[in-house]
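quick one, structure for this:
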Amino acid sequence: MPFMTQPFVDQLFVPVIVRFFFVFGIIGFVVGLGLIAEPVRMHRFFGLMNTWVSLRRSTKWLAVPRDISSTVRRYRHLIGLTFILLGAFSTGVLVTQIDVNRVVATLHVAAPHAFVAWIVDSMRWFLIAGNVLAIAIGVMLMVFPSFLHSVEMRVNRWASFRAHSLGADTENMGLDRWVESYPRVAGWLIAIVTLPVVVIYGLRLFAQR
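Residues are numbered from 1 along each chain as shown. Here you go, the predicted model:
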């Protein structure tokens, strides 16, 4: 597509990727040389750097279900009225006050006007649909609470990523032990693999200047 060759890709995305591979290629090459020349010191360095951080412990609170249905039922008229008023106001603004062409002109995106206008208009209609749904929920909260409750009972299913990610929090040290057993072999492999990366992306990086 023509917009993919615009300055956003050429001036931002590509240079970031080039610098990323160049820097981490240098780091990998230095690590490889270190394993070849000073394997004992490199193992000590790895021991200092390898600190296991468990996201499972720190994100436990995200996997705890919280039921607010009793509070919603207690204040259903106030919550329903809020949904209706805010949804109606937002829908009116999106329908009558948003000029797609003016928004596209304000964004100054280096892409075809028709494509950007399609994205903006799609987002506008997506928000309108969400507001209409909020209005419908507000009406059901105020007038048909039992029907809304039956719908919630059918669609509300608690899905915990925590229960399906037990293995993701297990330390896998097989590669580390192999490197510790054969440091110079691992060093040569790392150096041989990363040296072409450093050369290729280094030439491309300095050629851009």
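
from here on, just use CA atoms for contacts and neighbour counts.
Fine.

ok, Met42 - contacts?
Shown in contact with Met42 (CA atoms under 8 Å, 6 or more residues apart in numbering): Val31, Gly34, Leu35.

hmm, the second one is touching Ala186, no?
The one in question is Gly34. No. Between Gly34 and Ala186 there is no contact under CA atoms under 8 Å: 10.5 Å.

model confidence for the residue of the chain most remote from its centre, exactly?
The centre of the chain is farthest from one residue, Ala37, which by CA atoms, centre = their mean lies 39.6 Å away. Ala37 carries a pLDDT value of 89.

backbone phi and psi for Val120, please?
Main-chain torsions, Val120, degrees, to the nearest 10: phi -60, psi -50.

then Val109?
phi -90, psi 130.

for Trp158, same thing?
phi -80, psi 120.

same question for Leu148.
The phi/psi pair for Leu148 (degrees, to the nearest 10) reads phi -60, psi -40.

surely it and Gly138 touch.
No. Look at Leu148 against Gly138 with CA under 8 Å: they stay out of range, at 9.8 Å.

who has more neighbours, the two?
Taking other CA atoms under 10 Å, Leu148 and Gly138 do not tie; Gly138 has more neighbours (25 against 16).

which of the helices or strands spans the more buried one?
In this assignment (DSSP states H and E), Gly138 forms part of helix 113-143.

packing partners of that helix?
Applying 3 or more CA pairs under 8 Å, 6 or more residues apart in numbering; DSSP states H and E, one finds that helix 113-143 contacts helix 76-96, helix 100-107, helix 145-155.

now do 10 Å
Counting contacts by 3 or more CA pairs under 10 Å, 6 or more residues apart in numbering; DSSP states H and E, helix 113-143 packs against helix 69-74, helix 76-96, helix 100-107, helix 145-155.

and the angle from that helix to helix 76-96?
Using axes from the mean of the first three to the mean of the last three CA atoms, to 10 degrees, the direction of helix 113-143 lies 160 degrees away from that of helix 76-96.
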